[in-house]
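Visitor: below: sequence and its predicted model.
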Amino acid sequence: MNRVYRTIKEKSRGCRDRNIRIKLELFLLALKLGNVSEACARRGFSRRFYYRWWNRFKRSQYHLESLMEYSRRPRRSPRRIPERIEKRILWYRRRQYGARMIEAYLKREGIKVSRSTICHVLRKRRHRPLTRRQKLKAHRKRYELLIPGQRMQMDVKYVPELVDGQRVYCYVIIDECTRWRFARGYLSLNQYSTESFLIDAKRACPFPIHTIQTDNGFEFTFALNPKAKNSKIPHAMDRWCSQNGIRHRLIPPGEKELNGKVERSHRIDEQYFYWRAKTISLAHFNRQLERWIGFYNSQRLHGGIDYVTPIDKLEERFYALKNPPYPALELQLERLRLRFIQEYPKRRSPDDRKIFKLEQELESLLKVA
């Protein structure tokens with residue numbers, strides 16, 4: 001089995017066809033787990049799909065050509081009506097005649113064709129309407145913010161698999177400037193879990209937070225809750241934000257594209273984390289999630305920030321905003337810049353602080369030289 005696994009692994013490296021790679025990854029996962037049912041459940045395929053392609057792949061001595069999907073359409077159809085009759089049907093169709101009328105006209109010409117055959121020809125040869133390309137909405141255009149913490153997107157993701165037999169809700173917050181993320185799982189979805197997550201996120205965040213952007217879910221706001229909208233008791237998140245001097249921004253209902261960065265990060269978690277995470281207990285799940293987020297922030301490259309890590313982007317922003325010439329900013333953004341420059345060195349991890357001191361010493365030596 002190890003030899004078969006190595007053979008398939010070697011072939012998958014040079015394969016560029018997406019449909020073939022999907023099948024190869026399914027085979028590799030089944031061999032790795034030793035369980036076909038589990039592999040099919042994780043990848044969303046049936047056992048019938050697996051054995052159909054696996055048997056074909058095995059019979060061909062593991063050649064990739066056997067995994068290609070070819071059309072099953074026959075090259076010729078003996079029962080198909082002649083082309084001249086099809087053209088005649090379409091000629092009547094261009095004169096706005098229906099199937100019944102066309103059948104009658106053809107009968108007068110001595111051509112006997114059933115009405116169902118005429119309907120089949122009309123459906124098959126129907127001209128598709130021209131689809132106009134939709135213009136992108138203004139909020140769907142790509143944009144970048146200058147200062148870390150200027151705005152952070154926050155959302156909740158349902159963990160696909162049960163953890164210790166219970167549903168888990170994964171709170172996620174991401175910085176729009178650097179893509180720095182923080183996440184944690186909870187067993188309940190309410191305002192108190194939101195407040196607990198915000199406390200942990202603020203403690204873990206290496207820079208000051210100015211704005212948090214969320215949707216209109218009841219775990220974030222009472223804006224769309226008719227029962228609690230007129231209540232004198234504020235939402236726990238609004239209360240926490242006002243106590244910590246953070247602005248809470250709500251996106252319009254039905255426009256989740258405004259939270260596109262955190263939505264995209266959910267998909268990355270589904271692709272690389274959730275199906276690998278062990279679901280023994282919530283504490284164990286959160287420890288694995290913490291390691292994954294650490295890898296995400298410090299080692300994983302991101303195409304949205306020119307293929308650097310969020311930590312590298314954070315350092316680049318710090319030196320760009322600290323050392324002149326930096327771009328001229330409005331009064332509010334200038335205050336954010338100064339606050340970031342003052343507080344970011346204090347919030348660095350111990351290892352980062354050592355590097356920062358060495359960099360300061362190096363800069364002073366260069367100035368003296």
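Guide: Received, thanks.
Visitor: where does this protein have low pLDDT?
Guide: Judged by pLDDT under 70, the chain has its weakly predicted residues at 1, 125-141, 229-230, 326-327, 349-369.
Visitor: mind redoing it with 80?
Guide: 1-2, 14, 72-77, 124-143, 226-232, 324-329, 346-369 (pLDDT under 80).
Visitor: can you list the domains in the protein?
Guide: 2-67, 83-123, 153-305, 312-368 (automatic domain parsing).
Visitor: need the winner for burial among those domains.
Guide: Across these, the average number of neighbours (mean count of other CB atoms under 10 Å) peaks for domain 153-305, which reaches a mean of 16. C-betas here are computed from N, CA, C, even on glycine.
Visitor: that one: end-to-end distance?
Guide: For domain 153-305, the first and last residues are 16 Å from each other (CA to CA, to the nearest Å).
Visitor: same check on stretch 233-247?
Guide: End residues of stretch 233-247 are separated by 18 Å (CA to CA).
Visitor: ok, and what's touching stretch 39-47?
Guide: With CB atoms under 8 Å, 6 or more residues apart in numbering as the test, stretch 39-47 has contacts from 22, 25-26, 29-30, 33, 36-37, 49-50, 275.
Visitor: for the residues you listed, which one is nearest residue 98?
Guide: Taking CB to CB as the measure, residue 49 is the one of these closest to residue 98, at 41.7 Å.
Visitor: nearest spatial neighbour of that closest one, chain-adjacent residues omitted?
Guide: What sits nearest to residue 49 in space, not counting adjacent residues and going by CB to CB, 6 or more residues apart in numbering, is residue 40, at 7.4 Å.
Visitor: residue 278 versus the one you found, what's the distance?
Guide: Distance of residue 40 to residue 278, given as CB to CB, to the nearest Å: 20 Å.
Visitor: about what we covered before: give me the distance between the residue nearest to residue 49 and residue 64.
Guide: As defined by CB to CB, residue 40 lies at a distance of 21 Å from residue 64.
Visitor: same question for residue 82.
Guide: For residue 82, the distance to residue 64 - CB to CB - is 41 Å.
Visitor: same thing with residue 58?
Guide: 13 Å.
Visitor: which residues of this protein fall in strands?
Guide: Ranges of strands in the chain, per DSSP state E, are 152-158, 169-175, 181-186, 211-214, 247-250.
Visitor: who does the third one touch, helix- and strand-wise?
Guide: The one in question is strand 181-186. Where contact means 3 or more CB pairs under 8 Å, 6 or more residues apart in numbering; DSSP states H and E, strand 181-186 is packed against strand 169-175, helix 191-204, helix 282-298.
Visitor: please name the strands paired to the first one in the sheet, noting orientation.
Guide: The strands that strand 169-175 pairs with in its sheet are strand 152-158 (antiparallel), strand 181-186 (antiparallel) (by DSSP bridges).
Visitor: dump those strands to JSON lines, plus distance to residue 76.
Guide: Output for these, formatted as JSON lines (distance: least, CB to CB, whole Å):
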{"stretch": "strand 152-158", "distance to residue 76": "51"}
{"stretch": "strand 181-186", "distance to residue 76": "58"}
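Visitor: who are the contact partners of the closest residue to residue 268 other than its chain neighbours?
Guide: The shortest distance from residue 268 to any non-neighbouring residue, by CB to CB, 6+ apart, is to residue 296 (7.7 Å). Contacts for residue 296 (CB under 8 Å, 6+ apart) come out as 181, 268, 310.
Visitor: look up how far residue 190 lies from the first one.
Guide: As defined by CB to CB, residue 181 lies at a distance of 22 Å from residue 190.
Visitor: what sits up against stretch 91-110?
Guide: Outside stretch 91-110, the residues that reach it (CB under 8 Å, 6+ apart) are 85, 88-89, 112-115, 118-119, 122, 125.
Visitor: tell me the one of those nearest residue 3?
Guide: residue 125 (53.0 Å).
Visitor: identify the farthest-apart pair in the contacts of stretch 91-110.
Guide: 112 and 125 (20.1 Å).
Visitor: closest one to residue 7 among the helices and strands packed on strand 181-186?
Guide: helix 282-298 (29.8 Å).
Visitor: between helix 191-204 and that closest one, find me the angle.
Guide: In terms of direction (axes from the mean of the first three to the mean of the last three CA atoms, to 10 degrees), helix 282-298 departs from helix 191-204 by 40 degrees.
Visitor: and helix 282-298, how far from the chain's centre?
Guide: 18 Å (CA atoms, centre = their mean, to the nearest Å).
Visitor: show me the contacts for residue 213.
Guide: For residue 213, the contacting residues are 151-154, 249-251, 258-259, by CB under 8 Å, 6+ apart.
Visitor: rerun at 10 Å
Guide: For residue 213, the contacting residues are 151-155, 173, 176, 220, 247-251, 258-259, 261-262, by CB atoms under 10 Å, 6 or more residues apart in numbering.
Visitor: hmm, residue 64 and residue 12 touching each other?
Guide: Yes - at 8.9 Å, residue 12 counts as touching residue 64 under the criterion of CB atoms under 10 Å.
Visitor: give me the common contacts of those two.
Guide: 20-21, 23-24.
Visitor: what's the farthest-apart pair in those?
Guide: Maximum pairwise distance in those, criterion CB to CB, is 7.4 Å, between 21 and 23.
Visitor: give me the common contacts of those two.
Guide: Common contacts of residue 21 and residue 23 (CB under 10 Å, 6+ apart): 12, 15, 64, 67.
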